[in-house]
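S.K.: Fold the following.
(2 chains)
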Amino acid sequence: MSDAKTAENPSKSANSRKIAVDVQGASKIFGTGADRVAALDNVSVTIAENEFFTLLGPSGCGKTTLLRLIAGFEQPTAGQILLEGQDISSLPPYARPVNTVFQNYALFPHMTVAGNIAFGLEMLGKPKAEIKQTVAAMLKLVRMEDLANRKTSQISGGQQQRVALARALAPRPKVLLLDEPLSALDLKLRKEMQIELKRLQHETGITFIFVTHDQEEALTMSDRIAVMSKGKILQVGSPREIYDHPAERFVANFIGETNFLEGERTKKGVKLANGVELAVSLPEGLAGKSQVTIVIRPEHARLTARAKTGLPGILRHVVFFGTDTHYHVDLDACGEFIVREQNNRGAAPAFKAGDKVSIAIGENAAQMLRD
Amino acid sequence: MAHAAHHAEAARRKDIRNRWMLASPALVIIFLAAVGPLFVMLVYSFLAKGDFGNVKWEFSTQGWFNVVFYRDIFDDTLGFADANMTIFWRSVRLALITTGLTLVFGFPTAYFIATRQPNKRDMWLFLITIPFWTNILIRTFAMQEIVRNEGIINSALIWMGLIDSPIQIMFTEWAVLFGMTYVYLPLMVLPLYASMEKIDFRLVEAGYDLYATRLQVLRRVIIPLVKPGMIAGSILVFIPSLGAYVTPSVLGGGKNMMLGNLIALQFGAGRDWPLGAALSITLMVIVTAALLIYVRNAAKSGGGAHG
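M.R.: Prediction:
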C-alpha cells in the first residue's frame, strides 16, 4: 500500500484559525409518527472565522435546515450550535449576531433601498449619524449609491440581490448566511455576483456560510465545501479535495462527471474485471471490504490507439463540446467510460466511432470510494 | 386618401356606438340603483313637508333649515338644533370607536387565520361568516340577553361575587358599542385577512433576522404591509356604523339615538320627509368627507403602495 495515499485531512486548513460556528450533533426532526422526517440527522461541522464555507447538496438534503438552525428560525431537536464558543441554540433570531441573505431576498417592499439597509441598524438602536454613515458605506460597497431612494420593487433582480447583501452586511454580523442567493439570477448575472460575493467576503472579512445546489458555484467560490445528502454531511473539504478525492459515490456523482469502475482490492491497489491493476488513493474511514468502486474523472484519462497497457475498449461516440471533446468508450468487461480531451483549433479528432482504443489512466487519477 | 379617411371615421363612430351599447346595462343599473334614489332624496330635501308625511310639491328650504336650527313652537324664537348636533356627534364618535374596536379585535383574528395552514384557512373564514346566516335583528335581540340586567354578563359577575347589583349596560352607549363591534367585526376581519394572506412571511423572518423583536416586526413590517386591508376594513366598518339603525334602536333605546334612527324617525313618527332627506344627505356628506380625509392621510403616510 506504499503508493496508495489517503486523501488530505479536510479540516487541516481550518485548524489554524479561530472557530466561528461549531455545530455539534445537530438534528432536526419535522412531524411525528408516519410523517416524521429527519431533515437533519446528527450533523457536526466546524466553520472557521473568515471562511467562505459552502453547504452543497440537492434539494431536500437538509442544507437549508442547517442554515435556518444557525439563523435561529428553527430550533434543533437535538444537539448544539456554538457561535464563537457560546451556545446560541436557544436564542431567538434577533438575539444572534448572524444575518441572512434570503433566497428571494425578502426585501421590505414598503421601504426604500436605503430604508432596507438601515433597518437592522435601527433595530440595534444605533445613533442616527452612524446609521447614515454605515448605509452610505454599504451602498458604496455594493455599488448602489444612485438607487438609494428607489422602492425595492423598482429595481432589477441583480440590484435587489445587492441590496439584500448590503442589508445583511450593514449590522456587521459575525456570520453571514446565504440561502441560494444566486438561484434567481440569470447565468451572466450569476457569474458576476459570484465574483462580487468573493470580493465582499474579502473586503468585510466576515464568515460566509453559503447554501447552494450548484456544484460549479460551490467549486468556484468556496474555501471549503460540505457535501450533504439526506440530512447528513458526507464529506467536508476544499473544492480541490472534494473534486479530486470524493469519498463516496454520491459526492463523486454530484460534483463533476465521473467514471465508476468496480474491482477487487489488492496489495498494489485495485484489480479490475479485465485484469488491469490500478494504483488508487484511499478515502477516509474506509471499511475493510474487498469489492470496491473507484472513480476516475474523464479529464484524468487519455485515449490512445490499442496498446498493451491501459484499458482496452471500442470507441462508441465522439461528442464535440466546443472547448473539449467527449469520447464514449465501451470497455472490455468494465462498462462504459468517458474520456474528455481538450480541443485544439483546427485539429480533427484522432479517433472515430468504432475504433479499437485503449484508455491510459494517469498516475494518481484513481480514487477509491468508501461505499 | 379621402376615401380611407372617411372609412376610418365611420369605423371610429361605430366603435364608440358599440362601447356605449356594451356599457348600457351597467349604466342603467348605476342610474336606477345609485344616482336615481340620490336624486329623489335631493329633490325631496328641497320640498315642503306634507301634513301626514309625504311632501308638498313646492320649493322650500325648511328641511335643510331644520337640520341645523330649531324654532321654538311656543315663543317662536330661533335656536340651534343641538339635539341634532348631539346625535351627529354621538354617531361619529360611536362609529369611530367601533372602527377602532373592530380593528383591535379583528387584527389578531385575521393574523391567526392567515398564519394557519392554507387548507385550514377556509374553515376559519367559514366560521367567521356564520353570524351572517342569522338576521341582524334576531342577533341584536339575542345580544340583549347578554347585556341586560338579568343577562349573562351581570349574572356571571354577581355569581362570582364581583358586584352586588347589576351594572346598567343595556340602553347605554356601551351596549351600542358592544353590539356594533360584534356585528361589524367580520367586515374588518375579511379585508384584513385578504391583505395578510398576501404577506410573504419570509419578510417577518427577515425582520427577526435583522434584530427586530416581535413588537418591532409588528410595527415596522406587518402593519405597513397590511395597511391597505386596514384602510378597506375601516371604511367598511365606519360607513355602516355611522348610519347604523338596528343596533342603536334595540340596544341603545330612545336615549342613545344615532343618525340612522333620527332619519328613520323623520320618515315615520316625525312625518317630516324633507328633514329626513336633508339629514340623509348630511350623513352622506359626513361619510364622504371622512373617507377623503382618511384616504388622503393614508396615502401620504405611504400606505397602499404594497406589492
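S.K.: Chain B contacts on chain A?
M.R.: Within chain A, the positions lying close to chain B (CB under 8 Å from any CB of the partner chain) are A:71-73, A:92-94, A:98-100, A:102, A:104, A:106-110, A:119-120, A:123-124, A:151, A:153, A:167-168, A:171. Where you see a C-beta, it was placed from the backbone N, CA and C, and this is true even at glycine.
S.K.: Enumerate every residue touching the residue of the stretch 251-371 of chain A found nearest chain B.
M.R.: In the stretch 251-371 of chain A, the residue that lies nearest chain B is A:F254 (27.3 Å; CB to the nearest CB). A:F254 makes contacts with A:56-58, A:215, A:227, A:229, as judged by CB atoms under 8 Å, 6 or more residues apart in numbering or on different chains.
S.K.: So which of the residues of chain A next to chain B belong to helices?
M.R.: A:71, A:119-120, A:123, A:167-168 (DSSP state H).
S.K.: Looking at the residue of the stretch 251-371 of chain A closest to chain B now. What's its pLDDT?
M.R.: Reading off the confidence values, A:F254 has pLDDT 92.
S.K.: Please state the backbone phi and psi of it?
M.R.: The phi/psi pair for A:F254 (degrees, to the nearest 10) reads phi -70, psi -30.
S.K.: Pop the domain breakdown of chain B in here.
M.R.: B:2-79, B:80-300 (automatic domain parsing).
S.K.: Name the stretch among the ones you listed that sits most buried.
M.R.: For the domains of chain B, the largest average neighbour count (mean count of other CB atoms under 10 Å in any protein chain shown) is found in domain B:80-300, namely a mean of 18.
S.K.: Please compute how far that domain lies from its chain's middle.
M.R.: Chain-centre distance of domain B:80-300: 8 Å, with CA atoms, centre = their mean, to the nearest Å.
S.K.: Equivalent analysis for stretch B:5-21, please.
M.R.: 43 Å.
S.K.: ok, of the ones in helices among the residues of chain A next to chain B, which one's closest to B:H6?
M.R.: Ranked by distance to B:H6 (CB to CB), those are led by A:R167 at 62.0 Å.
S.K.: from memory the closest one sits against A:A106, does it?
M.R.: No. With contact defined as CB atoms under 8 Å, A:R167 does not count as touching A:A106 (9.3 Å).
S.K.: Looking at these two, which is more packed in?
M.R.: A:R167 (33 against 23; other CB atoms under 10 Å in any protein chain shown).
S.K.: pLDDT wise, what is the more buried one at?
M.R.: At A:R167, pLDDT is 96.
S.K.: How about the one 10 residues further on?
M.R.: With respect to pLDDT, A:L177 scores 96.
S.K.: For it, give the beta-bridge partners.
M.R.: A:T100, A:I209 (DSSP bridges).
S.K.: wouldn't it be in contact with A:N99 here?
M.R.: Yes. Using CB under 8 Å, A:L177 is in contact with A:N99, at 7.0 Å.
S.K.: ok, and the closest non-adjacent residue to B:A175?
M.R.: B:L251 (4.1 Å; CB to CB, 6 or more residues apart in numbering or on different chains).
S.K.: pretty sure the one you found belongs to a helix, no?
M.R.: Yes. Checked against DSSP: H, G, I helix; E, B strand; the rest coil, B:L251 lies within a helix.
S.K.: Got a ChimeraX select line for the buried ones in the residues of chain A next to chain B?
M.R.: Command for ChimeraX that selects the buried part of the residues of chain A next to chain B, burial taken from 16 or more other CB atoms under 10 Å in any protein chain shown:
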select /A:71,72,73,93,94,98,99,100,102,106,107,108,109,110,119,120,123,124,151,167,168,171
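S.K.: At the contact with chain A, which residues of chain B appear?
M.R.: B:200, B:202-203, B:205-213, B:216, B:220-221, B:224-225, B:302, B:305-307.
S.K.: If we use 10 Å, what do you get?
M.R.: By CB under 10 Å from any CB of the partner chain, the residues of chain B that approach chain A are B:199-214, B:216-217, B:220-221, B:223-225, B:227, B:302-307.
S.K.: Could you pick out which of those residues are located in helices?
M.R.: Per DSSP H, helices hold the following members of these: B:202-209, B:214, B:216-217, B:223-225, B:227.
S.K.: List only buried entries from the contacts of A:F254.
M.R.: Buried, going by 16+ other CB under 10 Å: A:56-57, A:215, A:227, A:229, out of these.
S.K.: any chance you could map the helices in chain B?
M.R.: Listed in chain order, the helices of chain B (DSSP H) span B:2-30, B:36-45, B:62-68, B:82-114, B:118-129, B:136-147, B:152-159, B:173-197, B:202-209, B:214-217, B:223-242, B:246-247, B:259-267, B:273-300.
S.K.: possible to save these as a markdown table with mean pLDDT?
M.R.: What follows is the helices of chain B, written out as a markdown table (pLDDT from 0 to 100):
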| stretch | mean pLDDT |
| --- | --- |
| helix B:2-30 | 86 |
| helix B:36-45 | 92 |
| helix B:62-68 | 88 |
| helix B:82-114 | 94 |
| helix B:118-129 | 91 |
| helix B:136-147 | 91 |
| helix B:152-159 | 91 |
| helix B:173-197 | 94 |
| helix B:202-209 | 95 |
| helix B:214-217 | 94 |
| helix B:223-242 | 92 |
| helix B:246-247 | 92 |
| helix B:259-267 | 91 |
| helix B:273-300 | 87 |
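S.K.: Kindly reformat the ones you listed as a markdown table containing distance to A:G354.
M.R.: Converted to a markdown table, the helices of chain B look like this (distance: least, CB to CB, whole Å):
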| stretch | distance to A:G354 |
| --- | --- |
| helix B:2-30 | 69 |
| helix B:36-45 | 90 |
| helix B:62-68 | 103 |
| helix B:82-114 | 66 |
| helix B:118-129 | 58 |
| helix B:136-147 | 88 |
| helix B:152-159 | 94 |
| helix B:173-197 | 63 |
| helix B:202-209 | 56 |
| helix B:214-217 | 68 |
| helix B:223-242 | 66 |
| helix B:246-247 | 92 |
| helix B:259-267 | 95 |
| helix B:273-300 | 76 |
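S.K.: Quick one: closest of the ones you listed to A:A279.
M.R.: Of all those, helix B:202-209 sits nearest to A:A279, with 50.1 Å by CB to CB.
S.K.: B:L218 and B:G207 touch, don't they?
M.R.: Yes. With contact defined as CB atoms under 10 Å, B:L218 and B:G207 form a contacting pair (9.0 Å).
S.K.: Need the residues touching each of A:R167 and A:A106.
M.R.: Taking CB atoms under 10 Å, 6 or more residues apart in numbering or on different chains as the criterion, A:R167 and A:A106 both touch A:100, A:116, B:206, B:209.
S.K.: Among those residues, which pair sits farthest apart?
M.R.: A:T100 and A:N116 (13.6 Å).
S.K.: Can you check which residues contact both of those two?
M.R.: Residues touching both A:T100 and A:N116 (CB under 10 Å, 6+ apart): A:106, A:164, A:167, B:206, B:210.
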